[in-house]
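Trainee: sequence plus the predicted model coming up.
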Amino acid sequence: MADNIANGTYIIINRVLSPQGQRLAMTFNGANQAVTGTPVGAQNNNQQWAITRFGAGVLGASTYELKPVSSQNLETGQGSGNIVTLPIGGYIFSIYKDDFGYIVQDSNRHNTWALENATAGSRVVFPGSLGDRQRWYFHNIADGVLPA
């Protein structure tokens, strides 16, 4: 895993497994809808995100734009306590790596993305600390088969 995420198409997988042992990936659910975690499906276009890196942000982390591959006229943005997909409006986020995975935050590093619960259909939220539910793995589609 490189420290910076390269431009490309990714499946973004939470570090915590569901109670059924499933890996949960960020999933697009439509315009103005909450982004949720659902069981990973390699052919599920709604779990594929086009990521563009803009370089270092004000606080040093790299800033990125995340768009659902199946609807690139939208991008991730912040709703009322959770991540939603909104019309393109310059929403950017910091992504950086620590010893336990990648962390995604707003560009000012105030709000950290996490799964609300480690269950299928759980919203991606930005609460206080949720430990490992705030850690993500970025699988580049170009790398082929998802690792076990």
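Mentor: That came through, no problem.
Trainee: can you name every helix or strand that the biggest strand by length in the chain contacts?
Mentor: Identified as the longest strand of the chain according to DSSP state E is strand 48-56. Counting contacts by 3 or more C-beta pairs under 8 Å, 6 or more residues apart in numbering; DSSP states H and E, strand 48-56 is packed against strand 8-14, strand 62-68. All C-beta atoms are positioned from the backbone trio N, CA, C, and that covers glycine.
Trainee: same thing but at 10 Å, please
Mentor: strand 8-14, strand 24-27, strand 62-68, strand 74-78, strand 93-98, strand 136-140 (3 or more C-beta pairs under 10 Å, 6 or more residues apart in numbering; DSSP states H and E).
Trainee: mean neighbour count, distance to V124 and mean pLDDT for those - can I get that in a markdown table?
Mentor: Converted to a markdown table, the helices and strands packed on strand 48-56 look like this (neighbours: other C-beta atoms under 10 Å; distance: least, C-beta to C-beta, whole Å; pLDDT from 0 to 100):
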| stretch | mean neighbour count | distance to V124 | mean pLDDT |
| --- | --- | --- | --- |
| strand 8-14 | 21 | 9 | 96 |
| strand 24-27 | 26 | 6 | 97 |
| strand 62-68 | 21 | 11 | 90 |
| strand 74-78 | 21 | 9 | 94 |
| strand 93-98 | 19 | 11 | 86 |
| strand 136-140 | 19 | 10 | 94 |
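Trainee: how about these in a markdown table, adding distance to L115?
Mentor: Below are those laid out as a markdown table (distance: least, C-beta to C-beta, whole Å):
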| stretch | distance to L115 |
| --- | --- |
| strand 8-14 | 5 |
| strand 24-27 | 6 |
| strand 62-68 | 16 |
| strand 74-78 | 15 |
| strand 93-98 | 16 |
| strand 136-140 | 9 |
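Trainee: out of these, nearest to V84?
Mentor: When those are compared by C-beta to C-beta, strand 74-78 sits nearest V84, at 5.9 Å.
Trainee: the closest one packs against which elements?
Mentor: strand 48-56, strand 62-68, strand 83-87, strand 93-98, strand 101-106.
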